[in-house]
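Visitor: what follows is a predicted structure for the sequence shown.
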Amino acid sequence: SLGLNTNSAAVIIGAMLISPLMGPIIGMGLGIGINDFMLFKRAAKNYLVATLFSVVTAALYFAITPIDEAQSELLARTSPTIYDVGIALCGGLAGIVALSSRSQRMGNVIPGVAIATALMPPLCTAGYGIANGSIAFFMGASYLFFINSVFIALASFIMVRYLKFPLVKFSDPVKQKKVHRIITIFTIILILPSIYSAVTVIKENKFNQAAKRFVTENKTIGNSYIYDYKISHHGRKSS
């Protein structure tokens, strides 16, 4: 929260490294993958407690801090896209492979995964949204956090099944298919808003580039000179 508030990338990266959330998320994926539902329940409980504690403390901090302006690091956590899904999925795959490897060199992977799939900054941004009454900040940051959590756990589940970890308990094939179907449907539903967000971002970037190109090529219009300009995506007009 301090890092986001002061726009300090170094402090934010440090918070990513000490985040208590990566273990429970991978634990949930592992628990489902090996049919150990006691492990899944413990991991889910730790995940929920850490999440709630993080949001509450962030909201309290942003409620009392005199710096209430949304900095660029805060804004960066409010518009998740399909690219964030890819990052979380690849990060989760790397994380579970590193944890299940005997090679000491794989120890460097975990900090990288923690930084790439940021979990704490979105939670703190959600706390900022609560403290400032901003639904857009809260919903956008919560969605990013949820994407990262689900796809890290999903990657862990996939890799555990692919590596054929020993099952704690053999489940009914019919019930197993039902669980897989639920996971697939839930994953697709979760991805859809991120695809829409990515398309919107791409369109806005193209519009920005076109507007900047137009201004560069038409600095002088008649007896007038464009000294400064602002681009608005509402109505697709530049002023």
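Guide: Perfect, thanks for sending it. Residues are numbered from 1 along each chain as shown.

Visitor: host element of residue 228?
Guide: Under the criterion of DSSP states H and E, residue 228 resides outside all helices and strands.

Visitor: would you confirm that residue 80 contacts residue 149?
Guide: No - no contact is recorded between residue 80 and residue 149 when judged using C-beta atoms under 8 Å, the distance being 11.9 Å. For the C-beta atoms, the positions are set from N, CA and C on the backbone; glycine is no exception.

Visitor: tell me the spacing between the residue most central in space within the chain and residue 98.
Guide: Within the chain, one residue has its C-alpha closest to the average C-alpha position: by C-alpha atoms, centre = their mean, that is residue 144, at 3.5 Å. In this structure, residue 144 lies at 23 Å from residue 98, with C-beta to C-beta, to the nearest Å as the measure.

Visitor: residue 138: how many residues sit nearby?
Guide: Neighbour count of residue 138, defined by other C-beta atoms under 10 Å: 21.

Visitor: okay, strands next: where are they in this protein?
Guide: Assigned by DSSP state E, the chain shows strands spanning 220-221, 224-225, 231-232, 237-238.

Visitor: list the buried residues of stretch 63-70.
Guide: residue 70 (16 or more other C-beta atoms under 10 Å).

Visitor: now it - C-alpha only, PDB.
Guide: The C-alpha atoms that make up stretch 63-70 are tabulated as PDB, following Å, rounded to 0.1, in the frame of the first residue of the first chain:
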ATOM      1  CA  ALA A  63      -8.500   6.000   4.500                       C
ATOM      2  CA  ILE A  64      -5.900   7.800   6.700                       C
ATOM      3  CA  THR A  65      -3.100   8.600   4.300                       C
ATOM      4  CA  PRO A  66      -3.000  12.300   3.200                       C
ATOM      5  CA  ILE A  67      -1.900  11.300  -0.300                       C
ATOM      6  CA  ASP A  68      -5.200  10.400  -2.000                       C
ATOM      7  CA  GLU A  69      -4.300  10.900  -5.600                       C
ATOM      8  CA  ALA A  70      -4.300   7.700  -7.800                       C
END
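
Visitor: show me the contact partners of that stretch.
Guide: Residues lying outside stretch 63-70 but in contact with it, judged by C-beta atoms under 8 Å, 6 or more residues apart in numbering, are 5-6, 62, 128, 131-132, 137.

Visitor: how about stretch 86-105?
Guide: For stretch 86-105, with C-beta under 8 Å, 6+ apart as the criterion, the contacting residues are 22, 25-26, 29-30, 106-107, 109-110, 112-113, 116-117, 147-148, 150-156, 158-160, 163, 165.

Visitor: now do it: distance to the chain's middle.
Guide: On the basis of C-alpha atoms, centre = their mean, to the nearest Å, stretch 86-105 sits 17 Å off its chain's mean C-alpha point.

Visitor: and stretch 80-100, by the same measure?
Guide: Offset of stretch 80-100 from its chain centre (C-alpha atoms, centre = their mean): 10 Å.

Visitor: and what of stretch 214-229?
Guide: When C-alpha coordinates are averaged (C-alpha atoms, centre = their mean), stretch 214-229 and its chain have centres 40 Å apart.
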